[in-house]
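A.B. asks: structure for this input, please:
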Amino acid sequence: MLPRRDFLRQALAGTGALIAPALVLGQVSGERPPPATGCAVLNPRNRVPVSIIIDDSTCLVNLNRFAMPQFNDTFDGANRVYQRNWREWPVEIPDAFIREFSDWATEAGVKGKFSIVPFPACVGRLDRGLPGWSQQQLKDSLELVRTGMMPRWDIHPEMITHTRVIDLSTGQPYQDFSPRFMENWEWTTGRSVDEIAAYIAYALRILRDVGLPCEGITTPGGFGNRALPQLAQASGEALRDVFKAEIPHYFRHLIDQGSEPVTPRVEYAQNLSGADPRCVVSMIACTGDWTGGWDCTEPAGADKFITADGKGGRLVEVIERGEPALLLAHWTGVYWNGRKLGLEIFREVVRRLHARFDNLEWMKLSEIARYWAARELTQIAVQPNGVQFTAPYSCPGFTVKVNTPNSRPPVVTSGPAGTIQRLQAVFRPGELKSGTWHQVNDGIMASFDLPRGLTMLRWD
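C.D. replies: Sure thing, here's the model as predicted:
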């Protein structure tokens, strides 16, 4: 299983083409409102979003203990990456570890995304049973995810099995286990939007049936790598179909070095002024998996994320640019065969982040996706007495900077009834939260809950 960054660099391997990240990641943006003059949308509450992305996680099953031999079979033993002694790895990542991780994340204020693979490595389906575990153990594990993780973590399927492709007509894996019928590799190549959407929807329905709602999906390995437009559209269609997701998002891409922006991509936006606006948001991780990897290799360590003095590391680069910093890890590496090496690295990374920065906002991927959709798709018109916003989506903590000599306290008027909210002044930009404003030399900053439809920020 190649790291995500290598999939990006090898997207058109064999064609002789050199592909820049921007070209690999580029999708159809869709509709956009005209650019605004005199009003800029800032980060939420004028803070930098931060989030942790956990891949390869599920209930009870230590996914890659079972995936490793399947990957090895796919390449007929020719790839040494898949010849680790997986028999030494534990069968289970226990619920006690989810509790420990969840308790730490809650105490530290951390949020993010947690995959739940619905049919992990073909061991068993979460809606029907896991051989080797009792139904009560599975029930308890699912309840732990609902109560312990979901308040602060989005749940994503990482397709159906993360290994072999399932025949949707039978619910069983295809006999062919070559790369053409492995989720991580070539199955999506040449597939239509409808075919990929049906496959994603199958995974989503399993999670729906065990009470795990989703607004986004994660791709396993190279799933969709040579079908990026189809993947983006299929993700949106499947999430809207199964969960009625208003702003679907997906995690496919990683850029762990360089100056290429890692801001979310709002794609396929349409019908912005209609009753059913649509878009899909691509979330981009900014770090490699430096916590121990999917295959429990030795971790690169905390310094790759942020150095002990807080002056270096990938996260410092991204945060200082003001871009969302989405950290990547794999659940098997976080647990690291019971040694918990990845968790200890995360403890130190988060401690260093909080010591270095006072302008971070921990957010779930769905929260970041909503903010970026509102940021890019809301029409903004500066008028003599204020600013008018026409929003296809609601957004809490919507934060703007308006260039104006007016220093009177602003009010927000919204809705058919003209509901008025008077914003409260704060003394520093770092104190901004929804319902407040701050005076700056060339204007004001204001943060408020933006409803769908027409809203006016004005001065009485």
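
A.B. asks: contact partners for the closest residue to residue 314 other than its chain neighbours?
C.D. replies: Once flanking residues are discounted, residue 314 sits nearest to residue 287: 5.2 Å by CB to CB, 6 or more residues apart in numbering. No exception for glycine: its C-beta is placed from N, CA and C like everyone else's. Neighbour list for residue 287: 254, 256, 304-305, 314-315, 325-328 [criterion: CB atoms under 8 Å, 6 or more residues apart in numbering].

A.B. asks: looking at those residues, which one is closest to residue 89?
C.D. replies: For the contacts of residue 287, the minimum distance to residue 89 (CB to CB) is 20.8 Å, reached by residue 328.

A.B. asks: so what sits opposite the closest residue to that closest one other than its chain neighbours in the bridge?
C.D. replies: Excluding the flanking residues, the one nearest residue 328 by CB to CB, 6+ apart is residue 285, at 4.2 Å. Beta-bridge pairing for residue 285 (DSSP bridges): residue 254.

A.B. asks: distance check, residue 285 against residue 52.
C.D. replies: As judged by CB to CB, to the nearest Å, residue 285 and residue 52 stand 10 Å apart.

A.B. asks: what's the answer for residue 338, then?
C.D. replies: Counting by CB to CB, the gap from residue 338 to residue 52 is 21 Å.

A.B. asks: and residue 353, by the same measure?
C.D. replies: 11 Å.

A.B. asks: quick check: mean pLDDT of stretch 76-90?
C.D. replies: The average of the pLDDT scores along stretch 76-90 is 92.

A.B. asks: what residues sit buried inside it?
C.D. replies: By 16 or more other CB atoms under 10 Å, the buried positions in stretch 76-90 come out as 82, 84, 86, 89.

A.B. asks: narrow those to those in strands?
C.D. replies: With strands defined by DSSP state E, no entry of these lies inside them.

A.B. asks: closest to residue 279 out of those residues?
C.D. replies: Distances from residue 279 to the buried residues of stretch 76-90, taken by CB to CB, are shortest for residue 82, at 37.7 Å.

A.B. asks: for residue 178, see how far away the closest one is.
C.D. replies: For residue 82 relative to residue 178 (CB to CB), the value is 14 Å.

A.B. asks: residue 188 too?
C.D. replies: Distance from residue 188 to residue 178, by CB to CB: 14 Å.

A.B. asks: which one's more surrounded, these two?
C.D. replies: A count of neighbours by other CB atoms under 10 Å puts residue 188 above the other of residue 188 and residue 178, at 23 against 13.

A.B. asks: so what are the domain limits for the protein?
C.D. replies: Following automatic domain parsing, one gets these domains for the chain: 4-30+48-358, 378-458.

A.B. asks: most tightly surrounded among the ones you listed?
C.D. replies: Highest mean neighbour count among these (mean count of other CB atoms under 10 Å): domain 4-30+48-358, with a mean of 19.

A.B. asks: so how far is that one off the chain centroid?
C.D. replies: 8 Å (CA atoms, centre = their mean, to the nearest Å).

A.B. asks: quick check: residue 257 touching residue 314?
C.D. replies: Yes: here residue 257 reaches residue 314: they are 7.1 Å apart, a contact under CB atoms under 8 Å.

A.B. asks: pLDDT below threshold where in this protein?
C.D. replies: 1-26, 460 (pLDDT under 70).

A.B. asks: any idea where the helices of it begin and end?
C.D. replies: Counting by DSSP state H, the chain has these helices, from start to end: 4-9, 21-25, 63-74, 95-108, 135-144, 193-209, 228-243, 302-305, 314-320, 331-335, 341-356, 365-377.

A.B. asks: now do the contacts for the residue sitting nearest the centre point of the chain.
C.D. replies: Centroid-nearest residue in the chain, with CA atoms, centre = their mean: residue 365, separated by 4.1 Å. Under the criterion of CB under 8 Å, 6+ apart, the neighbours of residue 365 are 51, 53, 112-113, 154, 216, 249, 251, 283, 326.

A.B. asks: rewinding a little: need the residues touching each of residue 285 and residue 52.
C.D. replies: Common neighbours of residue 285 and residue 52 (CB under 8 Å, 6+ apart) are 326-327.

A.B. asks: ranges for the strands of the stretch 301-450 of the chain?
C.D. replies: Assigned by DSSP state E, counting those that start in this stretch, the strands in the stretch 301-450 of the chain fall at 325-330, 360-362, 379-383, 386-391, 395-403, 410-414, 419-422, 424-425, 436-440, 443-450.

A.B. asks: with distance to residue 319 as extra columns, can I get those strands in JSON lines?
C.D. replies: Output for these, formatted as JSON lines (distance: least, CB to CB, whole Å):
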{"stretch": "strand 325-330", "distance to residue 319": "5"}
{"stretch": "strand 360-362", "distance to residue 319": "7"}
{"stretch": "strand 379-383", "distance to residue 319": "26"}
{"stretch": "strand 386-391", "distance to residue 319": "27"}
{"stretch": "strand 395-403", "distance to residue 319": "17"}
{"stretch": "strand 410-414", "distance to residue 319": "29"}
{"stretch": "strand 419-422", "distance to residue 319": "31"}
{"stretch": "strand 424-425", "distance to residue 319": "27"}
{"stretch": "strand 436-440", "distance to residue 319": "21"}
{"stretch": "strand 443-450", "distance to residue 319": "19"}
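
A.B. asks: before we move on, the earlier item: mind putting the helices of the chain into a markdown table with distance to residue 162?
C.D. replies: As requested, the helices of the chain are arranged in a markdown table below (distance: least, CB to CB, whole Å):
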| stretch | distance to residue 162 |
| --- | --- |
| helix 4-9 | 14 |
| helix 21-25 | 22 |
| helix 63-74 | 6 |
| helix 95-108 | 18 |
| helix 135-144 | 17 |
| helix 193-209 | 10 |
| helix 228-243 | 16 |
| helix 302-305 | 25 |
| helix 314-320 | 26 |
| helix 331-335 | 11 |
| helix 341-356 | 18 |
| helix 365-377 | 19 |
